[in-house]
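S.K.: how does the following fold in three dimensions:
(2 chains)
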Amino acid sequence: MEPSDAQTLAGARETRPTWPAPLPASDDTRPLYDRIQDVIALYPERKSAVVPALRLAQDEYGWLSEQAFDAVADATGFTPAFCKSVASFYDMFRLTPTGRYEICVCTNVSCALVGAAGTMRAFERELGIHPGETSEDGLFTLKTVECYGGCGWGPVVSVNERYHEPLPAEQVPELVARLRADAEPDA
Amino acid sequence: MATVETDTVTLSINDREVTVPKGMSLVEAAAEAGIEVPVFCYEPRLGAAVGACRMCLVEIEGIPKLQTACTTPVTDGMVVHSHSDRAREGQDAVLEFLLINHPLDCPICDKGGECPLQDLTFRYGPGSTRMTLPKRTHTKPVPISPLIKLDRERCILCYRCTRFSEDVSGDLQLVTEHRGANSIITTFEGRPYDGEFSGNVTELCPVGALTSISYRFRGRPWEIQNIPTVCGECPIGCNTYATIREGQVARVLSRNNPAVDDGWLCDRGRYTFPSLESEQRITTPLIRGGRGLEPVDGSTALDHIADRLRAAVERFGPGSVAIIASGDQTSEEAHLWARIQEQALGGGPIVCGPEGGAGWGELAAHSATIADLDDADLIVVAGATDLVHRAPILELRIRRAVDRGARVVTIGAGATRLDTLHAAEHVSAAPGTTHAALLAASQGVALKGLSDRSVILWNGRMSAPVATVLAHVAHASGCRVLPTPLAANELGCQAAGLGTHTPAEALEAVEQGRVKAVVLLGADPVGGWPGGDRWRGLMERAFFALQVSPFQTGSSGWATTIVPSPMPLEKEGTMTNIEGRVQRLRAAVPPPPGVLDGIVLAAELGRRLGLDMPDQPPAVFADMAGSRAAFAGLTWAGIGERGVRPEPASGSGQAPPAPHVAEGEPEGTIVVGYRQLMSGPTVEGAPALHFQRRSGIEISHDDAQQIGVATGDRVEVSFAGASLTGAALVQRRLRRGVVRLATAVPYVGPGELRAAPEETADA
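M.R.: Next comes the predicted model:
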């Protein structure tokens, strides 16, 4: 596509960079405590390191369990209560165990105007669960989230932190089927 | 002409001109002008205002929207209206919102009658609600600790409590979880709020959301009386109100004295009042006879004691009676007992507290006030343990000083709470050599900048070598020192003459056979002092052993006569705190029947021994002021609500002798056994406080790796001829070779650490 086509909405969709790039697999196998120390060293204020430290812990434990908060607290020098206070503010932190696929649907105003409610209903129908629930086979967790900043391509949905945008209701069955199929070999 | 820079601004609030310092907030400026702006979350002691509750909305000309007066600094020429139609409309709307989910349970709410939300609802707000939907409900009340319950329905999310937990006490245990309308105040995963200052949140809460369990459903503001007194649990002497209902203490509140406590109170001071009713209290005099301790009436006991003391002096000569005091007595009691010893018993040894008080006199000329910490640019905290165990409330003042930009240098074994402060620098010192490290640091770069705006807090046992070092450093740099006594009125007792010998000197006199009788004033040397066996030897062999104490203690078994004494909340008198401030205790409740007032007891005994002694607190104080130099010029009436701090005697100005400290550092494991804040008979008598006790044996990371244990594993530590097993607590910042634990008897010295053998299961 010609760069000039990027001036149109359709062109912008076609040429936009894939973002975020898939996270490179971390080859850092040191204990969580040591990796958090590296993060702390990046900031003048120790407090600033709490959010990235929580992300590391979430990757390590899969979700932020009591044990995960204790580990972050020990490594950052704050209390587990403070770490959970920070984590519970943000939708991106998981405070409960989630299924293999965490599906987050933005329901804020821009996405709502272009059919987020329909997308959400489609997921509920396909998965048989409501927002905040995990399917019985442990494959899917459905959540609503606040604005993802992808307002130009609503409705925005993320699956395991990867954006799928726009995702109108009619594309939901196909996405769910694909995710189920991907999970099949392991099952 | 250039505009003149001034430090003040002039503005108009409700058409009143007011001139206030630059940088002041509108709420404060309005208060200066005599205008009240309604507030919930505003509380200057919590640090910068946050504007969370929105109650203080005011109209400022030139700004289209209403502004929160607590977060808006004054500017020159500002025109503010706090009672205009628009401002009132805003305030009313905020109050209506705050009440949307607030339950109408004032008739059964403990805050009812003393509730800021209730009071402001009477004066602001629409008077009724337009809300027709059901109010939000929560599980309630939720205990957030054995001391405090939280009613989330009543909470208006002003964040005073979480700001206290984060910014004032720094314990960061009471936090907000979730966001926006879903925010809740909580602790982590239901764990108890375990901090020494937790009770302050019940006083900060502007609604009935956080309440003390011990006061729930106990009283109404119109049927209680608040008696202004002083806490007798530690040498800070925080000012308090004892709330009395039907002749009993129902709660203890702080009474803000900015020079002492700044309106904060530790949980030991707040929640130990149930010990007044403790079963361990002695409520009748007891004399040991053929069938053990037998109860007698007061005057029989006094006759018996006078007779025995007289007999001791006749048989063994003057000076054969030792007085061993805890240092918790009022200065008046101390003065009378000191007079009995000096004038009737021939001047035997008097010991005040297990640390004995040598060296304090040397430091008088350099002594700092508590408020000096506010202005200090460098605060040195020297000691091997947490400051909270000896002088709890000072920790809050140091934290605030750090927020204002003060440097903190800790000297000691490390891994204390102050070490984790943002600005803290640490000088590692082996326990027992902290004073040597302080001296070296003062001459090196670590304490560069030590000046007359610096304060050294000595958080440990005072002794002659320590005093010499402190005096030397203070003289050389101009800094001031604030050493922490162990007992609540250690300084007052000494100033009143009760404290002439160190424990070691007294034990020497005992073992040379010069002491044949002993009077224990509140002290428990057998159970709680170093050298317990030697003290027991004295008690066992004594011709006469009198114990005057509110509680049965480890020493009671060897006493031949026991006389109950009142507790601080039952006493009239004065105490001298850490900075030398003389403060009034007022009897909030009478002592239990059968317990003689401490002053009356000493005066009656003195009279039986032929001394002319007053028995009323003001008269005793006058007697003391007339004969003890430290109280010269003070009057009972002049003490007032805030206490007085006599100017300490200025030194000679001459350089104190250069200190000689031993070179080199001790080898091997050093055990630090410290008396923790939540210990002692008053804490024993308040079971709700026991969850705050520190347990576990603190060991350093290196030592843990060396003996192969992790936090939670059992370790065995032996010292002073005994050994203890407990769970290890691995501290990354603790000095290598140091083992630290809370013990009944303070100890600093060599010991051994090993992993405990596997526990064999008992049948």
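S.K.: residue B:623 is in contact with residue B:631, correct?
M.R.: No: in this structure residue B:631 lies outside contact range of residue B:623 using CB atoms under 8 Å: 9.7 Å. For the C-beta atoms, the positions are set from N, CA and C on the backbone; glycine is no exception.
S.K.: between those two, who's got more neighbours?
M.R.: Neighbour tally, residue B:631 and residue B:623, criterion other CB atoms under 10 Å in any protein chain shown: the higher count belongs to residue B:631, 23 against 18.
S.K.: what sits against the closest residue in space to that one that isn't next to it in sequence?
M.R.: Nearest residue to residue B:631, sequence neighbours excluded (CB to CB, 6 or more residues apart in numbering or on different chains): residue B:625, at 4.4 Å. Contacts for residue B:625 (CB atoms under 8 Å, 6 or more residues apart in numbering or on different chains) come out as B:631-635.
S.K.: any chance of a markdown table for those residues, columns secondary structure, pLDDT and distance to residue B:107?
M.R.: Shown next, in a markdown table, are the contacts of residue B:625 (DSSP: H, G, I helix; E, B strand; the rest coil; pLDDT from 0 to 100; distance: CB to CB, whole Å):
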| residue | secondary structure | pLDDT | distance to residue B:107 |
| --- | --- | --- | --- |
| B:631 | helix | 95 | 50 |
| B:632 | coil | 94 | 55 |
| B:633 | coil | 93 | 53 |
| B:634 | coil | 95 | 48 |
| B:635 | coil | 96 | 47 |
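S.K.: who wins for most neighbours among those residues?
M.R.: Neighbour-wise, these (other CB under 10 Å) top out at residue B:631, 23 neighbours.
S.K.: any idea how far residue B:666 is from that residue?
M.R.: Per CB to CB, to the nearest Å, residue B:631 is found 41 Å from residue B:666.
S.K.: what's the answer for residue B:472, then?
M.R.: Relative to residue B:666, and taking CB to CB, residue B:472 is found at 22 Å.
S.K.: the least confident helix or strand in chain B by mean pLDDT - contacts with which helices or strands?
M.R.: Every helix and strand of chain B was ranked by mean pLDDT, DSSP states H and E. The lowest is helix B:360-363, at a mean of 86. Here helix B:360-363 touches helix B:464-477, strand B:480-483, going by 3 or more CB pairs under 8 Å, 6 or more residues apart in numbering or on different chains; DSSP states H and E.
S.K.: repeat that for 7 Å
M.R.: In this structure, helix B:360-363 packs against helix B:464-477, with contacts taken as 3 or more CB pairs under 7 Å, 6 or more residues apart in numbering or on different chains; DSSP states H and E.
S.K.: pLDDT weak spots in the chain?
M.R.: All of this is about chain A. Scanning chain A for pLDDT under 70 picks out A:1-26, A:185-187.
S.K.: oops, chain B please
M.R.: For chain B (pLDDT under 70), the answer is B:1-6, B:651-653, B:759-763.
S.K.: again, only this time at 50
M.R.: B:1-2, B:761, B:763 (pLDDT under 50).
S.K.: residues in it within reach of chain A, list them.
M.R.: B:172-173, B:175-179, B:187-189, B:420 (CB under 7 Å from any CB of the partner chain).
S.K.: give the PyMOL command for selecting the buried subset of those residues.
M.R.: Buried residues among the residues of chain B next to chain A (16 or more other CB atoms under 10 Å in any protein chain shown), as a PyMOL selection:
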select buried, chain B and resi 172+173+175+176+177+187+188
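S.K.: and for the residue of the stretch 1-150 of chain B found nearest chain A, the neighbour number?
M.R.: Closest to chain A within the stretch 1-150 of chain B is residue B:144: 10.6 Å, counting by CB to the nearest CB. Per other CB under 10 Å, the neighbour tally for residue B:144 reads 22.
S.K.: all strands for the stretch 101-250 of chain B, in order.
M.R.: With strands called from DSSP state E, counting those that start in this stretch, the stretch 101-250 of chain B shows them at B:142-143, B:148-150, B:175-177, B:184-186, B:210-212, B:225-230, B:239-245, B:248-254.
S.K.: closest to residue B:541 out of these?
M.R.: strand B:225-230 (38.7 Å; CB to CB).
S.K.: show me which residues of chain A sit near chain B.
M.R.: Counting by CB under 7 Å from any CB, chain A sits next to chain B at A:66, A:69, A:77-82, A:84-85, A:88-89.
S.K.: could you rerun that using 6 Å?
M.R.: A:66, A:77, A:79-82, A:84-85, A:88-89 (CB under 6 Å from any CB of the partner chain).
S.K.: quick one: which of the contacts of residue B:625 is nearest residue B:735?
M.R.: Nearest member of the contacts of residue B:625 to residue B:735, counting by CB to CB, is residue B:631, at 42.1 Å.
S.K.: follow-up on the earlier one: for the helix or strand where the residue nearest to residue B:631 lies, buried residues please.
M.R.: Using DSSP states H and E, residue B:625 falls within helix B:617-627. Buried positions in helix B:617-627, judged by neighbour count with 16+ other CB under 10 Å: B:617, B:620-625.
S.K.: domain-wise, how is chain A divided?
M.R.: Using automatic domain parsing, the domain parsing of chain A gives A:32-87, A:101-186.
S.K.: what are the boundaries of the strands in the stretch 301-450 of chain B?
M.R.: B:321-325, B:350-352, B:378-382, B:407-412, B:424-428.
S.K.: what would these look like in a markdown table with mean neighbour count?
M.R.: Output for those, formatted as a markdown table (neighbours: other CB atoms under 10 Å in any protein chain shown):
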| stretch | mean neighbour count |
| --- | --- |
| strand B:321-325 | 27 |
| strand B:350-352 | 29 |
| strand B:378-382 | 25 |
| strand B:407-412 | 24 |
| strand B:424-428 | 17 |
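S.K.: can you put the ones you listed in CSV and add distance to residue B:21?
M.R.: CSV is the format used below for the strands of the stretch 301-450 of chain B (distance: least, CB to CB, whole Å):
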stretch, distance to residue B:21
strand B:321-325, 48
strand B:350-352, 46
strand B:378-382, 26
strand B:407-412, 26
strand B:424-428, 31
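S.K.: just give me the residue closest to the centre of chain A.
M.R.: Chain A has residue A:161 as the residue nearest its centroid, 3.2 Å off, counting by CA atoms, centre = their mean.
S.K.: cool, thanks, talk later.
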